[in-house]
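Peer 1: Prediction below, plus the sequence it came from.
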Amino acid sequence: MEKFNNVSILSYSMEGEEDFFKVHSNLPLDERSNVVVVLNGKSISWSLAYQEIKNNTENGKIILKTLKELEII
């Protein structure tokens, strides 16, 4: 739970989200355009994965699960 102006705010995050953001932030900028996972036959770059995870989408959840299973994060 986070505090903002002494008010408790519940913070929801997907499992593995912090690990992903840590790895992503340490990637060279050029690497972020490279494919990190294929989802439903579509190539997903680090940058697109970041957006999906940041926006807490269903695809973001699947991307995180896949990256954890592949031990990328």
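Peer 2: It's in.

Peer 1: Find the centremost residue of the chain, please.
Peer 2: Of all residues in the chain, the one closest to the mean position by CA atoms, centre = their mean is residue 53, 4.0 Å from it.

Peer 1: Could you measure from it over to residue 28?
Peer 2: 19 Å (CB to CB, to the nearest Å). Glycine gets a C-beta too; all of them are placed from N, C-alpha and C.

Peer 1: now do residue 36
Peer 2: On the measure of CB to CB, residue 36 and residue 28 end up 14 Å apart.

Peer 1: Same check on residue 62?
Peer 2: Per CB to CB, residue 62 is found 25 Å from residue 28.

Peer 1: Have a look at those two and say which one is more surrounded.
Peer 2: With neighbours defined as other CB atoms under 10 Å, residue 62 and residue 28 compare such that residue 62 has more, 15 against 7.

Peer 1: ok, back up a step: surely the residue nearest to the centre of the chain and residue 20 touch.
Peer 2: Yes - at 5.7 Å, residue 53 and residue 20 qualify as touching, with contact defined as CB atoms under 8 Å.

Peer 1: intersection of neighbour lists for the two?
Peer 2: Common contact partners of residue 53 and residue 20 (CB atoms under 8 Å, 6 or more residues apart in numbering): residue 64.

Peer 1: give the contact list for the residue nearest to the centre of the chain.
Peer 2: 14, 17, 20-21, 60, 63-64.

Peer 1: Let's see the PyMOL selection covering just the buried ones among these.
Peer 2: Only the buried entries of the contacts of residue 53 go into this PyMOL selection, using 16 or more other CB atoms under 10 Å:
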select buried, resi 17+20+60+63+64
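
Peer 1: Secondary structure and distance to residue 47 for the contacts of residue 53 - can I get that in CSV?
Peer 2: Output for the contacts of residue 53, formatted as CSV (DSSP: H, G, I helix; E, B strand; the rest coil; distance: CB to CB, whole Å):
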residue, secondary structure, distance to residue 47
14, coil, 18
17, helix, 16
20, helix, 12
21, helix, 13
60, helix, 13
63, helix, 12
64, helix, 15
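
Peer 1: Show me the two of the contacts of residue 53 that sit farthest apart.
Peer 2: Spanning the widest gap among the contacts of residue 53 are 21 and 63, at 12.5 Å by CB to CB.
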